[in-house]
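Novice: fold the following for me, if possible:
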Amino acid sequence: MANRPTLGGYITDNFSWHWIFFVNIPIGITATILSFRYVTNRPGAVKPRKIDWWGILFLVMSVGSIQYVLEEGTAEDWFESHEITAMTIIAVASLAAFIIRELKIDYPAVNIRLYKNYNMIMGSIMNFLLGLMLFGTVFIFPLFVQISLGWTATQTGMFMIPGALCTAVAMPLVGRLLGGGMNPKTVILFGIGMTFTFVMMLAFSSPDSSESNFYLPFVLRGFGMAFMMSPILSLAVQGLNPKDMPQAIGLANMIRQLGGSVGIALINVYLTNTNALVRGNMIGYINQYSDAVSERIQLLTQNFLSKGFDSVQATEMANRQMEGLMTKQQMLVSYNHGFFMVACLILICIPVVFLIRYKKGAKAVVADH
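Specialist: Coordinates of the predicted model:
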């Protein structure tokens, strides 16, 4: 997952952003063929006597509708749009139908009865918050550096590689810590601390920030996410029967994806509102009575006059450039506020961690994400 921005940036700059989606088709086909040929059945696995097609249909309808509402809500002005309203009704109705269906039959597509387990509930809350942080920061950082700092999509994507490598390095380390009997709560708290530090460092960015200012934060993010993923899953599935593990892991991944969608929607709304607020505060200082503003516009005007433009064109272009400079500053402040909001959300994880039950000596579950 961590290398998607890298490939996506290269594709966007050199081909078309549409290919970000099309490129998944051959990869998906290859993965399906390899899985069919080389992935063996688990020992003792029993093939279900029936497939819960209705449950799958309700799940697809509910999750798909929720994703659409969250991703398009801001652009469509939320419930002012008939489409958003209709999709919300479909999402709620299909989710209710899905829950009723899965509780009534004995061969459910998704065993939501697993939520009778207290840790499964707490783990889902943590996975939701993890998805919100993970996808939220991946969403906001490219916008920040490309709009405010002028990076290209490829440059942004390439910059994400070191953080992904740190996650890859940290995963085996986390596995050894959990396998050695360390309390998963302690590991998670370390991860929360590193992730919080990463976001707070980004929240104090400036127009002079460069790649060198972001290397350490993304190293912390890579390690922080690795220190949170596996321990959260380990605690969530603790006490479940081995036959329920695949369902539990699938639910955890789905909740994390849903948290990511909610996070992106929340951050998008927050940035939109913050942009308007910051612009309103800034624009009051951009007027003819400000000596600094007058001097800057005069300097810009003289620059355009020296390039051969007439006085009307030079004044218009100077004002336009001044508008661009203010917009960059406005966006920078808004993104800093966005990072700070994510940092505050990360702190919510701390009390949730302490609410999770941990039985010392229980076997840790380490899964590759």
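Novice: just the residues contacting stretch 338-353, thanks.
Specialist: Contacts of stretch 338-353 with the rest of the structure, by C-beta atoms under 8 Å, 6 or more residues apart in numbering, involve 122, 125-126, 129-130, 132-133, 136-137, 140, 144, 185, 188-189, 192, 195-196, 199-200, 202-203, 205, 267, 270-271, 274. Heads up, the C-betas are built off the backbone N, CA and C, glycines and all.
Novice: report the buried residues of stretch 28-41.
Specialist: When burial is assessed from 16 or more other C-beta atoms under 10 Å, stretch 28-41 yields no buried residues.
Novice: pull the CA atoms of it into CSV?
Specialist: Extracted in CSV, the C-alpha atoms of stretch 28-41 (Å, rounded to 0.1, in the frame of the first residue of the first chain):
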residue,chain,number,x,y,z
GLY,A,28,-5.3,-8.1,-10.2
ILE,A,29,-5.5,-10.7,-12.9
THR,A,30,-1.9,-11.8,-12.1
ALA,A,31,-2.6,-12.0,-8.4
THR,A,32,-5.7,-14.0,-9.0
ILE,A,33,-3.9,-16.6,-11.2
LEU,A,34,-1.0,-16.9,-8.8
SER,A,35,-3.3,-17.3,-5.8
PHE,A,36,-5.3,-20.0,-7.6
ARG,A,37,-2.2,-21.9,-8.5
TYR,A,38,0.0,-21.6,-5.5
VAL,A,39,-2.0,-20.7,-2.4
THR,A,40,-3.1,-23.9,-0.6
ASN,A,41,-6.1,-24.5,1.6
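Novice: as a check, name the ranges of all helices in the stretch 251-369 of the chain.
Specialist: Using DSSP state H, counting those that start in this stretch, the helices of the stretch 251-369 of the chain run over residues 291-306, 311-347, 349-355.
Novice: among those, which is nearest I283?
Specialist: helix 311-347 (7.3 Å; C-beta to C-beta).
Novice: mind listing what's buried in the closest one?
Specialist: For helix 311-347, a neighbour-count test (16+ other C-beta under 10 Å) marks 314-315, 317-318, 321-322, 326, 330-339, 341-343, 345-346 as buried.
Novice: pLDDT wise, what is the residue nearest the centre of the chain at?
Specialist: Centroid-nearest residue in the chain, with C-alpha atoms, centre = their mean: F135, separated by 0.7 Å. Among the per-residue scores, F135 holds a pLDDT of 77.
Novice: which SSE is the nearest residue to F190 once chain neighbours are set aside in?
Specialist: Distances taken as C-beta to C-beta, 6 or more residues apart in numbering put F227 closest to F190, at 5.2 Å, once the chain neighbours are dropped. Per DSSP states H and E, F227 falls inside helix 211-236.
Novice: name the element F58 belongs to?
Specialist: Per DSSP H and E: F58 is located in helix 53-72.
Novice: give me the buried positions along that helix.
Specialist: Per 16+ other C-beta under 10 Å, helix 53-72 contains these buried residues: G55, F58, L59, M61, S62, V63, S65, I66, Q67, Y68, V69, L70.
Novice: again, but for stretch 215-235
Specialist: Within stretch 215-235, the residues that count as buried by 16+ other C-beta under 10 Å are 217-235.
Novice: with stretch 152-167 instead?
Specialist: So for stretch 152-167, counting by 16+ other C-beta under 10 Å, buried means A153, T154, Q155, T156, G157, M158, F159, M160, G163, A164, C166, T167.
Novice: mean confidence (pLDDT) on that stretch, please.
Specialist: pLDDT averaged over stretch 152-167 gives 79.
Novice: state the mean pLDDT of stretch 184-199.
Specialist: Rounded mean pLDDT across stretch 184-199 is 88.
Novice: what does that stretch contact?
Specialist: The contact list for stretch 184-199, computed with C-beta under 8 Å, 6+ apart, reads 126, 133, 137, 174, 177-178, 217-218, 220-221, 223-228, 231-232, 234-235, 339-340, 342-343, 346-347, 349-350, 353-354, 356, 358, 364.
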